[in-house]
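Sequence and predicted structure, then a few things I'm wondering about:
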Amino acid sequence: MHGYRHATLASLIILMAFILIPATAISDSGLPNYSYIKSITIYAPAVSGSGEGVLSKTTLIVAYPGSGRVFFSALPYTELDTQGAARIAAYIASLAAGISFNNYDYYVITESNVPIIGGPSSGGLMCVGFLSLLMNKTLNPSVTMTGMINPDGTIGPVGGLKEKLDAAASNGFKIFLIPRGQRYYQYPVIQETRLPWGVIRRTTYQSIDLVEYGRNINVSVIEVGSIFDALAYFTGVDINASSVLEPLQVSIPGEIVDSLLNNLSTMVQDTYSSASKVYNYYYKRTLQMVIDNLNNTLSSLYSIKDKYPVYTFVQGFSIYPTVIYYNLYSKVLSNTLSIDSILDTVNTTLISIGIRLNSIGRNLDLDELIWFSLAKALYYRAGYYYTNALSSTSNSNELTYLSYSLSYAEQCNILLDLMEALPNSSPSSLINLVDTRDLYAAASTIYSYIEAIVNEVGGNTQVLSDASDYYGLMNSQIVNDTVTLLGFTIYVIGESTYALHMVFDQSNLDDVAYVQQAILTMLSSKIPSSPVLQFFIKYGSEALENRDYSSAIHGFSQAFSLYLVLALTLEGNSNTSSVYASTSSQGGVASSNTTTPFIQIPVNQPIANTTTPENQLSRGLILKYLGILVITAAAISVILALRMIKHR
């Protein structure tokens, strides 16, 4: 007992001594040696815990040189999805600016006088703020906005719009940007009925036209679909006007498409033959309905394969798991194949494909490496379901797992065939993979962020099943295989982004698809193009022509994922000079008289020599931020230790 108390008291003395270390000591030992620090303060409309509209103050800082770290501080405490939004805002801002994310560190310091409801609604504004710093643009102080920042640069829907609009109006803002599709908004109204024995409160919802309501309170309410739309209103710089998507040169050999469709047709006919031998009427009828649907799908794909080859290929590729499952299911029901036989078939297939993967050389160019990484990710997913089948105690589950395993193994084979058939990039486009932590960070941030907000609104998490599989494999299966990690990252980000739109944008999928296409057009000059990237854009574009908006979003989401991963892995994809460009050399864009310039501080100069007191904010805020972290951690440790002593 006494020894424990003595040890605890000694710990307390050490902690108290640590607390008393001045902030400057933290700076000397822990603050990176930045050459430049730039900051800007923005005011984000939010909703307080009592349901009223308020403004939260957020200071954004970019520091050079950095290593892609994002620091977040909030007073009062805010939700984790807000922190995730901050990192995604930094990702998208760097991508849109055409600079290397890892060349900078990013700081987000949020303050509010009242507790606010956490959420990602300030993500769009944070992204605009970071983008203004990275592009050397100033923001119009009469403009503010609300809206999620999505991993593809689209602006997602949020709540509390009327309350936020009221807060913006009462604080002098003249332009309020909201997510596209939210002009007509339903807001809660509490009705009270006073009775002798008490008060009955009921919540009803009323519809409001935010544009008309804003006009009545002297605020222009404008819908925006992307971060580029928002940037135009904040800075007057319209990137849309100068962006033209180059004609997509990628094509897929007709024999690859024909081979895929013919294999699917053969399996469907085989399923029909097996189904005819099933005695149970219910099972037979179910199989016949599935076969009819598959035949209709294949007939449709055959009819458009010449006009839309990429769309046809991907659609056929995507129904492989369904075709294989019902093929195996019909054979088991008709007693023409046993579970053990299927197990042997899957095992043999996995061994064969594993040998093929190991035989592929190491000297792959950019596009070959991407296809190879996607194929290996599918192979690991096949192995995952094969392992599940081995440990399953249910024949039904075992069959399902085996069908998945065989499907993903065959898809792996198909991608390897595609890799060999498609044109590849030139040898000069070889990539230098970043530290695997960067890939983990990107995939983990985006998946966790989207999972959190989907759960928050009670959305169907089943749409995240593909992303969840790859995310789980990324965390448990791969240790040193960077190539496969690259594939997992592309899948996780792409499937997560697609799931996000399926949850929040079911009523306007067409709008989302067109906005995604427009953003891809604007990003086309930021990163060297490649056939594999054009493949996914071509898929989305062909789906859009077919008015298959869900598939278009899926293709574009994968393209965005690939854009982000390429930005993290391509060597020499930085343009750091853009952050130091003078205002007079911004391509003839005139600065508005109403804008307030951000702060640029050469750190190797004395801060006291700056011309305005505000110039001390950037470095001072970083010191303050780090100091708060240290002091808070130490204080919590002291409190816990004191409680432990008390209970002893």
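Okay, I see it. Numbering: from 1, shown residues only.

pLDDT weak spots in the protein?
Counting by pLDDT under 70, the chain contains low-confidence ranges at 1-31, 77-80, 114-118, 240-249, 423-435, 477-480, 525-529, 570-648.

all strands for it, in order.
For the chain, applying DSSP state E gives strands covering 36-47, 53-64, 70-75, 105-111, 143-145, 148-149, 155-156, 175-179, 184-195, 198-209, 220-224, 599-602.

closest one to residue 386 among those strands?
strand 155-156 (37.1 Å; CB to CB). Every C-beta, even on glycine, is put in place using the N, C-alpha and C of the backbone.

Next, find the distance separating residue 191 from residue 83.
Separation of residue 191 from residue 83 (CB to CB, to the nearest Å): 36 Å.

which of the two has more neighbours?
With neighbours defined as other CB atoms under 10 Å, residue 191 and residue 83 compare such that residue 83 has more, 22 against 9.

And the residue of the chain most remote from its centre, its phi and psi?
No residue in the chain sits farther from the centre than residue 196, which is 53.6 Å out by CA atoms, centre = their mean. As for residue 196, its main-chain torsions (degrees, to the nearest 10) stand at phi -60, psi -30.

need the contact list for it.
Not one residue lies near residue 196 by CB atoms under 8 Å, 6 or more residues apart in numbering.

Give me the most central residue, the protein.
Nearest to the chain centroid, counting by CA atoms, centre = their mean: residue 151, 3.4 Å.

any idea how far that residue lies from residue 500?
8 Å.

With residue 304 instead?
Distance from residue 304 to residue 500, by CB to CB: 28 Å.

now swap in residue 69 and tell me
On the measure of CB to CB, residue 69 and residue 500 end up 25 Å apart.

Please apply the same query to residue 458.
15 Å.

Can you report how many residues lie near residue 211?
16.

mind listing the helices for the stretch 351-500 of the chain?
366-391, 395-421, 436-456, 465-476, 482-504 (DSSP state H, counting those that start in this stretch).

Point out the most buried one among the ones you listed.
Mean neighbour count (mean count of other CB atoms under 10 Å) peaks for helix 482-504 among the helices of the stretch 351-500 of the chain, with a mean of 25.

With distance to residue 97 added, can I get the helices of the stretch 351-500 of the chain in CSV?
Shown next, in CSV, are those (distance: least, CB to CB, whole Å):
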stretch, distance to residue 97
helix 366-391, 22
helix 395-421, 32
helix 436-456, 17
helix 465-476, 27
helix 482-504, 19
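
Which among those helices is found nearest to residue 250?
Nearest to residue 250, of those and by CB to CB, is helix 366-391 at 10.0 Å.

Going by neighbour count, list what's buried in stretch 503-523.
503-505, 508-509, 511-523 (16 or more other CB atoms under 10 Å).

Residue 449 touches residue 85, doesn't it?
Yes - shown here, residue 449 and residue 85 form a contact pair, counting by CB atoms under 8 Å, at 6.7 Å.

In contact with the nearest residue to residue 188 once chain neighbours are set aside, which residues?
With sequence-adjacent residues excluded and distances taken as CB to CB, 6 or more residues apart in numbering, residue 188 is closest to residue 203, at 5.2 Å. By CB under 8 Å, 6+ apart, the residues touching residue 203 are 188-191.

For these, which single residue is the most surrounded?
residue 188 (13 neighbours).

Could you report the distance from residue 266 to residue 288?
18 Å.

give the contact list for the nearest residue to residue 370 once chain neighbours are set aside.
Among residues not flanking residue 370 along the chain, residue 532 sits closest, at 4.7 Å (CB to CB, 6+ apart). With CB under 8 Å, 6+ apart as the criterion, the residues that contact residue 532 are 366-367, 370-371, 422, 562.

Now tabulate those in JSON lines and tack on distance to residue 464.
Shown next, in JSON lines, are the contacts of residue 532 (distance: CB to CB, whole Å):
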{"residue": "366", "distance to residue 464": "29"}
{"residue": "367", "distance to residue 464": "28"}
{"residue": "370", "distance to residue 464": "23"}
{"residue": "371", "distance to residue 464": "25"}
{"residue": "422", "distance to residue 464": "29"}
{"residue": "562", "distance to residue 464": "20"}
